[in-house]
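J.: okay, predicted coordinates and the sequence, questions at the end:
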Amino acid sequence: MDQTHTASESSAVHRDDVGARIGMWLFLFTELILFGGLFLLYAVYRYLHPQEFHEAAKELNVVLGAANTLILLTSSFTMVMSISYIGEGEKKKSIAALGLTIALALAFLVNKYFEWTAKFHHGLYPNSPELAARSHGDNLFYGLYYSMTGLHGLHVLVGVVLLSVVLVYIVKDKVNPDNFIVLDNSGLYWHLVDIIWIYLFPLFYLIT
Amino acid sequence: MNDMTAAAHGSHPSGLSYLEEPGRYGGIRSWLLTTDHKRIALLYLTSVLTFYAVGIALGVLMRLELLTPGETIVKPQTYNAIFTLHGVIMIFLFVIPGVPAIFGNFFLPLLIGAKDVAFPRINLFSWYLYIAGAFFAVTSLFTGGGPPDTGWTFYAPYSIRTGTNVSLAVFAAFVLGFSSILTGLNFVTTIHRLRAPGMTWTRMPLFVWATYATAWVQVLATPIIGITLLLVILERFFGVGIFDPEKGGDPILFQHLFWIYSHPAVYIMILPGMGVITEIIPVFARRTIFGYKAIAYSSVAIAALGSLVWGHHMFVSGQSYTANVIFSFITFLVAIPSAIKVFNWVATLYKGSILIAPPFLFALSFIFLFSIGGLTGLMQGALSVNVHIHDTYFVVGHFHYVMFGGTAYAFFAGLHYWYPKMFGRMYSQRTATLACTIMFIGFNMLYFTMLVLGLQGMPRRYYDYLPQFHTGHVIATVGSWILVSGLIVMFANLLIALRKGERAAADPWGGKTLEWQVPSPPPHENFEEIPVIDRGAYDYD
């Protein structure tokens, strides 16, 4: 994050990694609560329509969901590898690991694309005639499914952009073995994206 | 800056003030690209006051429309748009950012002995988000299906059905929320990391405590409104059905999510204001603040309890009786820390050597008006009473007593208290006192009448009313004219002083906190040397 004042402000560069980390954790709290609102809605509607949620969950593609879970978990691993490599001064390996993380994130999005389009072909999308003919519980299940996985997908996309920027920073040595808090914090963000998916996956795909 | 200006400033032997410091960029860019917390505070001051003026104008128009029954100056649809915008602009563009973004930015680093906030560039970014949000809010008036007409609460299902431009207005609120989150995040980190050596938690000025409690609420509550507003947008564009009863959605859940943020938000609005008052009282009573710890912890208690009372907005929305009783009970609990503050302020005055000056008069007005606001709040917290006064002018009157009589008055008090520090000039204290008196009369005429009208049964948000309410509406409208006259005198006085005011000394009021120990206006990096703190903040004994 923002750990240096601009040169005009201070001749001695002020840097505070702990401060940057506190700032990042606070930001992650806000992200958790942002999704928390949706989890709350999920809890209420599941409680009100247990049977319909049960039936609707069977329609989701568990294989694709599981594949995506595996992809994200692996990407969290490569993310950690990238951070630990940079700490050891292994710039190239760090870049490779981060590149792999980005590739896995893109793979997740491609997967998601196929999953969503398959649902669209079955007429299962918000406001569709197919859903209109179904029960309230089904409508809510898919409303939540698209809202929650959509918002999560958006976070993956933001992650791709963020990690790509950090990748350029590493290449340009702006992020280096002495100062890699930006990479560290981006890693924290990426783990958050991962953790939210770990909750989404069972809630939508597994609990039938 | 040239040498002449520097020489003219006797108070800055060793450098320029933050207003003169050229920085890396010249001209207008030295403001628009600044990362100096003091300059960012002035950016906020200018923009917040601009929107405040717009909000006031809308409020005056609304009162004017209600001067006579039936149509006076506008049609019903326009009236609905006016009260919606009055609410949206006042809440999201004035009251929420008012004290924290302006005085928090300017004085938080000074009060804890820091050179800036923890993330100066994020601080500037927050201001740009504020401007972007304000831009969207204003644009929503002129584009799409016309100005939003839902009221500032955007209740579903009307907000997802109306053809007016709700999506853009809701998006504006979302962006403004993000700005608020970043400010809060910045302040929490600043207070944890940048306190001067020796500035322990119990030596911090109480404004810092209030800002700290507020910042946590900003960080933890705002995302809820974020997701709620996003869902309204999703609902309007894609029909996901989460709040749409036709598809099984529950509009009451919208209300829950909305108030889970928006009730804590009223504490985001009032807590920093209470902090300002706490700074002013000991200075003008020449006494150490009474009950330092009680005031500090009551800020935290208000923030914590205030996050658990949102259901009291929904007593008549079809909530369960058990939920109503619990929410009512916790609502009464919030009165305790609020009263602790009021009693401690008054106790500080006892046997003080009181200096009557404009900041102090505004602070006293605050205590009086906020007490009425707080007590009428308790009346509404009582279930049996609430059923009768819900959605009446009583609520409107109460809300303005806490928000205008509370937050805005604290803002005025802070503005008069810190003005000499911020600009290095002193305004006419006589004119300021006159303005304060006029406003006090106008304020009570306007809003106390609303309380009475509410008890008589006048419903809020109505365009038209029965003849028996006519007298009340006339008194309130005349009150609004008096109030606005006072506001004009107050702001004109401050504006004139910008150029013509006398040079202010470093410590014109005899304050003991750190901001008074640097020149007026402060130098670019606040302190030549970071001070070492060895005593409490209010050391008058």
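T.: Structure's in. What do you need? Everything numeric in this text was worked out from a predicted model, so none of it was measured.

J.: going by C-alpha atoms from here, please, whenever you check contacts or count neighbours.
T.: Fine.

J.: separation between the spatially closest residue to residue B:299 that is not a sequence neighbour and residue B:499?
T.: Leaving out its chain neighbours, the residue that sits closest to residue B:299 by Cα to Cα, 6 or more residues apart in numbering or on different chains is residue B:210, at 5.6 Å. Look at residue B:210 and residue B:499: by Cα to Cα, to the nearest Å, they are 33 Å apart.

J.: the two: which is more packed in?
T.: residue B:210 (29 against 13; other Cα atoms under 10 Å in any protein chain shown).

J.: shouldn't that one be in contact with residue B:301?
T.: No - using Cα atoms under 8 Å as the test, residue B:210 is too far from residue B:301 to be in contact (10.7 Å).

J.: circling back to that earlier point, and the strand or helix carrying the residue nearest to residue B:299, what does it pack against?
T.: Using DSSP states H and E, residue B:210 maps to helix B:206-238. Applying 3 or more Cα pairs under 8 Å, 6 or more residues apart in numbering or on different chains; DSSP states H and E, one finds that helix B:206-238 makes contact with helix A:17-48, helix B:105-112, helix B:158-161, helix B:166-193, helix B:251-285, helix B:292-306.

J.: kindly report the residues of chain A close to chain B.
T.: A:2-3, A:5, A:8-9, A:19, A:22-23, A:26-27, A:29-31, A:33-38, A:41, A:126-127, A:132, A:136-137, A:139-140, A:142-144, A:146-147 (Cα under 8 Å from any Cα of the partner chain).

J.: excluding residues flanking it in the chain, which one is nearest the residue nearest to the spatial centre of chain B?
T.: Against the mean C-alpha coordinate of chain B, by Cα atoms, centre = their mean, the closest residue is residue B:95 at 3.0 Å. Nearest non-adjacent residue to residue B:95, counting by Cα to Cα, 6+ apart: residue B:269, 5.9 Å away.

J.: for residue B:77, same thing?
T.: residue B:149 (7.5 Å).

J.: count the neighbours of the one you found for me.
T.: Residue B:149 has 23 neighbouring residues, counting by other Cα under 10 Å.

J.: torsion angles phi and psi at residue B:528?
T.: As for residue B:528, its main-chain torsions (degrees, to the nearest 10) stand at phi -70, psi -40.

J.: so residue B:222 sits right up against residue B:260, yeah?
T.: No - assessed by Cα under 8 Å, residue B:222 is found out of contact with residue B:260, at 9.1 Å.

J.: who has more neighbours out of the two?
T.: Between residue B:222 and residue B:260, residue B:222 has the larger neighbour count (other Cα under 10 Å), namely 29 against 22.

J.: which pLDDT does the model give that one?
T.: pLDDT, residue B:222: 94.

J.: contacts for stretch B:163-181?
T.: B:92-93, B:97, B:125-127, B:129-130, B:132-137, B:139-141, B:143-150, B:154, B:159, B:215, B:218-219, B:222-223, B:225-226, B:229-230, B:232-233, B:236 (Cα atoms under 8 Å, 6 or more residues apart in numbering or on different chains).

J.: quick one: residue B:50 from residue B:44, how far?
T.: 10 Å.

J.: buried among the contacts of stretch B:163-181? Make that a ChimeraX selection.
T.: Here is the ChimeraX command that selects the buried residues among these (16 or more other Cα atoms under 10 Å in any protein chain shown):
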select /B:92,93,97,125,126,127,129,130,132,133,134,136,137,139,140,141,146,147,148,149,150,154,159,215,218,219,222,223,225,226,229,230,232,233,236
